[in-house]
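Student: Let me see the structure of the following:
(chains A and B)
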Amino acid sequence: MDQFLQHILNGIVLGGSYALLGIGLTLIFGIMYVVNFTHGELYAFGAYVVFAVVVALEGNFFLALLLAVVLGAVLGGGIEWALLRPLRGASIDTTMLVMIGAWIALQNTEQLLWTGVAKAIRHPFPEAPLVVGPVSISWIRIFVFFAALVLIAGSHLFIRRSRLGAAMRATFQDRETAALMGVNIDAVHTFTFAFGSGLAAAAGALLGPVFVVFPTMGDLAALKAFAIVIMGGMGNFIGATLGGFILGIAEELGAGYISSGYRDAMGFLIIIAVLLFKPTGLFARAERIG
Amino acid sequence: MKRWLTGAVSWFACLGLLAVPLPGEGAETIKIGVTQPLTGVVAASGNYVAQGARIAESLLNAKGGILGKKVELIVEDNKSNPVEAVATAEKLIVRDKVPVLMGAWSSTYTLAVMPKLMEYSVPMVVETSSSGKITTSGNPWIFRISPTSAMEAVAMAPHVKKFNVKKADFLSVNNDWGRGAADEFAKMLQKQGIRIGTRETMDAKAQDLSAQLAKIKASGGDTLFLTTGVEQITLVLKQAKEQRLAHKIITTGGSSSPDQLIEQAGAAAEGSYHILFFAPWFPEAAPYPALAKEFVAEWKKRGYNFAGLTEGFRGYDGIMTIAAAITKAGKADAKSIQKALWDVQVQGVNGPIKFMKEGPKGRESGQSQPNVFIVQIAQGKVALPGFMKK
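Tutor: Below you'll find the model as predicted:
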């Protein structure tokens, strides 16, 4: 029973970060229909910004997190502006190839800058874990979990309640009509991509100090993000959030009670099941937005 | 836009063509191919091995090279990936025409490369991999200077009593190396009447190991044998502390780079034991202390990370073994080098290197018998446990 409680706690905490990754991608992949291969690189980028600020410049940890999100959004916006804007209206194959190119270029730039050797980031939280009865959890993971929750809730409110959020939803529902209503389509595209990228960078910045940082760290993260988006339904914000938690808990319980060697396969087993039985996603509703 | 793109593509194509060496070019050097994981999940170790190999290259060339020719290492990145390992080996053999290889760090990468050695008849000195399969599968082009997991277990056996192990658990990377090591150590422990608890594996890319650790904690064992690269060892130590795992942790395979653990895992590394094949903190304990000191001094002079010495020596010993074979053969073709490797006797940083036959008769691979050390991280420093002191 103690072991079960620990697994569930680990799964929920991990799920928070997965959800953050998932909502960033569901904005871009789910509602912009861009198969965003750079999502994992933005994740790695966020982690490296924190590394650069905290370890190389000996700066403040929390400032570094904030900077990572801002720079991640700027980089994402830049990618959209430079690579995707000229291809607006091009086939999905073309944009996919361009995004694969961007992914490889970004990853190799990281390798050139930081070498392939993994780095560790110091964090200001106590090393001794918080112990509650039979289970324990580290302070940094508690912080990461709540930071992720705040970001997810904030993003949700932003897209649901703000004018810009409404413009985003309108644009991806019907571009022509939105343009006729006075929405600046180009700006909305760039902003949405920047927003999703900022969330990916936030996930990397939060998880970098928990794990270690290396240039290919984004590959597995991106795969999981795709799994979450497909599980939750394309463009479904709540679906991606719940999908993140389901994946986290499924991985923990799968590794704990089935086989630890197949831990990372659990997510993909779920995808296969979802695609077979409910191809629109576990939480699909009539509309696809928000 | 399209025209610009076509122009750029053809320009790069031209550059690519020009980069192909012309026949006869470079005949003045003796080429040695090296494939190591310079990027990806086990990049730290691969870079350290490559740095050690570069030291051997410079020292050889400073002494006039081999057979009057300069030694030229061609180091390729196998990206911590068996598919890339095969691609790099093929590139080195077919395009660079190297007569001999060193690589490929992980057992999985080495096993992937091995059929290519058969196909092209090129020998490879294996510097790190420890899966038993490598030397028992009947590949006569393999010469291994690193110990097998079985050899490590045998070296560990007389010390097990001092660790006071009652019940042992295992956490291994889910590949040929990790599973092989868990098998060999479990066998050795069972012979001594020690109970085996849970045996967990982890994907080589996995970052979150909390599920495995929760299960190990619940098994009620007292000692955890951990087999993986330094990156994952760092994560395991940190997360074991988060989950208050009380186990004594012993790493196997010699890829733990303890100084890197002290730096990256901090207090979580305290008390852990590590099986190593070179202990640069105590060069006087090496079989050839003068050589060990010289190697450590050269490593420091180049400003390489001290933590990498426990892996870097492998690259040095591997290249020196190949150099000795080429010198003995008197020429640098694959067949002669393979033949000469059977007769070399090299003084390595680890100790004496000499190949014994292993595997099915008529198709034996070469296996050397290296030295094994056990160190402990105590008070933020690497120490020799009492029983290892002479």
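Student: contacts, neighbours, all on C-alpha from now
Tutor: OK.
Student: got the residues of the stretch 1-150 of chain A near chain B?
Tutor: Residues of the stretch 1-150 of chain A lying close to chain B (CA under 8 Å from any CA of the partner chain) are A:3, A:6-7, A:10, A:111, A:115-121, A:127-129, A:135-138.
Student: Give me the subset of these lying in strands.
Tutor: Judged by DSSP state E, strands contain the following of the residues of the stretch 1-150 of chain A next to chain B: A:Val135, A:Ser136, A:Ile137.
Student: count of neighbours near the residue nearest to the first one when sequence neighbours are not counted?
Tutor: Just to be clear, that refers to A:Val135. Nearest residue to A:Val135, sequence neighbours excluded (CA to CA, 6 or more residues apart in numbering or on different chains): A:Gln6, at 5.4 Å. A:Gln6: 21 surrounding residues under other CA atoms under 10 Å in any protein chain shown.
Student: what's the answer for A:Pro124, then?
Tutor: A:Pro124 has 10 nearby residues by other CA under 10 Å.
Student: What of A:Thr109?
Tutor: Other residues within reach of A:Thr109, judged by other CA under 10 Å, total 13.
Student: Identify the residues contacting stretch B:303-317?
Tutor: When contacts are defined by CA atoms under 8 Å, 6 or more residues apart in numbering or on different chains, stretch B:303-317 is touched by residues B:44-45, B:48-56, B:127-128, B:146, B:254-255, B:257-260, B:276-280, B:295-296, B:299-300, B:348-350.
Student: Straight-line length of it, end to end?
Tutor: For stretch B:303-317, the first and last residues are 20 Å from each other (CA to CA, to the nearest Å).
Student: Buried residues, that stretch. List them.
Tutor: For stretch B:303-317, a neighbour-count test (16 or more other CA atoms under 10 Å in any protein chain shown) marks B:Phe306, B:Ala307, B:Gly308, B:Leu309, B:Thr310, B:Glu311, B:Gly312, B:Phe313, B:Arg314, B:Gly315, B:Tyr316, B:Asp317 as buried.
Student: Rounded mean pLDDT for it, please.
Tutor: For stretch B:303-317, mean pLDDT is 95.
Student: One more: stretch B:351-360?
Tutor: On average, stretch B:351-360 scores 95.
Student: same deal with stretch A:11-21?
Tutor: pLDDT averaged over stretch A:11-21 gives 92.
Student: What are the contacting residues of it?
Tutor: Contacts to stretch A:11-21, defined as CA under 8 Å, 6+ apart, come from residues A:141-142, A:144-145, A:148-149, A:151-152, A:199-200, A:203, A:207, A:221-222, A:224-225, A:228, A:240-253.
Student: what about burial for those residues, which qualify?
Tutor: Using 16+ other CA under 10 Å, the buried ones in the contacts of stretch A:11-21 are A:141, A:144-145, A:148-149, A:152, A:199-200, A:203, A:207, A:221-222, A:224-225, A:228, A:240-253.
Student: quick check: domain ranges of chain B?
Tutor: B:28-147+B:292-367, B:151-276 (automatic domain parsing).
Student: Can you give me the end-to-end span of the first one?
Tutor: The separation between the terminal residues of domain B:28-147+B:292-367, taken as CA to CA, is 31 Å.
Student: That one: how far from the chain's middle?
Tutor: 10 Å (CA atoms, centre = their mean, to the nearest Å).
Student: and if you look at stretch A:117-129?
Tutor: Between the centre of stretch A:117-129 and the centre of its chain there are 21 Å (CA atoms, centre = their mean).
Student: List the buried residues of it.
Tutor: Under 16+ other CA under 10 Å, the buried positions of stretch A:117-129 are A:Val117, A:Ala118, A:Lys119, A:Ala120, A:Ile121, A:Arg122, A:His123, A:Glu127, A:Ala128, A:Pro129.
Student: now, which of those lie within helices?
Tutor: Of the buried residues of stretch A:117-129, none are assigned to helices by DSSP state H.
Student: Arrange those in TSV, one row each, with pLDDT as further columns.
Tutor: Formatted as TSV, these follow (pLDDT from 0 to 100):
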residue	pLDDT
A:Val117	84
A:Ala118	88
A:Lys119	90
A:Ala120	90
A:Ile121	92
A:Arg122	88
A:His123	90
A:Glu127	83
A:Ala128	86
A:Pro129	89
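Student: Show me the contacts of stretch A:11-21 that map onto strands.
Tutor: Short answer: the contacts of stretch A:11-21 have none in strands (DSSP E).
Student: which bits of the stretch 201-350 of chain B sit near chain A?
Tutor: Residues of the stretch 201-350 of chain B lying near chain A (CA under 8 Å from any CA): B:201-203, B:205-208, B:210-212, B:214-215, B:218, B:231, B:235, B:241-244, B:264.
Student: I'd like to know which of these are buried.
Tutor: The neighbour count (16+ other CA under 10 Å) marks B:201-203, B:205-208, B:210-212, B:214-215, B:231, B:235, B:241-244, B:264 as buried among those.
Student: got the residue ranges for the strands in chain A?
Tutor: A:130-132, A:135-137.
Student: coming back round to it: turn the buried residues of stretch A:117-129 into TSV, including distance to B:Gln338.
Tutor: Listed next are the buried residues of stretch A:117-129 as TSV, based on distance: CA to CA, whole Å:
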residue	distance to B:Gln338
A:Val117	33
A:Ala118	36
A:Lys119	39
A:Ala120	42
A:Ile121	46
A:Arg122	48
A:His123	52
A:Glu127	52
A:Ala128	54
A:Pro129	55
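Student: Out of those residues, which comes closest to A:Val53?
Tutor: Closest approach to A:Val53 among those (CA to CA): A:Ile121, at 9.8 Å.
Student: mind checking which helix or strand of chain A has the lowest mean pLDDT?
Tutor: The weakest-scoring helix or strand in chain A, judged by mean pLDDT, DSSP states H and E, is helix A:266-277 (a mean of 84).
Student: ranking the ones in strands among the residues of the stretch 1-150 of chain A next to chain B by neighbours, who comes first?
Tutor: A:Ile137 (21 neighbours).
Student: quick one: contacts for that one?
Tutor: Here A:Ile137 is in contact with A:Asn10, A:Pro129, A:Leu130, A:Val131, B:Glu242, B:Gln243 (criterion: CA under 8 Å, 6+ apart).
Student: got a list of what the fifth one touches?
Tutor: Looking back up the chat, that one is B:Glu242. B:Glu242 neighbours (CA under 8 Å, 6+ apart): A:Glu127, A:Ala128, A:Pro129, A:Ser136, A:Ile137, A:Ser138.
Student: Please apply the same query to the second one.
Tutor: Contact analysis of A:Pro129 by CA under 8 Å, 6+ apart lists A:Ser136, A:Ile137, A:Ser138, A:Trp139, B:Lys241, B:Glu242, B:Gln243, B:Arg244.
Student: Weed out the non-buried ones from the contacts of stretch B:303-317.
Tutor: If we count by 16+ other CA under 10 Å, those have these buried: B:44-45, B:48-56, B:127-128, B:146, B:254-255, B:257-260, B:276-280, B:295-296, B:299, B:348-350.
Student: which one of the domains of chain B lies closest to B:Ile374?
Tutor: When the domains of chain B are ranked by distance to B:Ile374, counting by CA to CA, first place goes to domain B:151-276 at 4.6 Å.
Student: Contact partners for residue 28?
Tutor: With no chain named, the answer covers chain A. A:Val34, A:Val35, A:Asn36, A:Thr192, A:Phe193, A:Gly196.
Student: hm, I was asking about chain B
Tutor: B:Lys69, B:Lys70.
Student: Buried ones in stretch A:66-77, by neighbour count?
Tutor: Buried, per 16+ other CA under 10 Å, within stretch A:66-77: A:Leu66, A:Leu67, A:Ala68, A:Val69, A:Val70, A:Leu71, A:Gly72, A:Ala73, A:Val74, A:Leu75, A:Gly76, A:Gly77.
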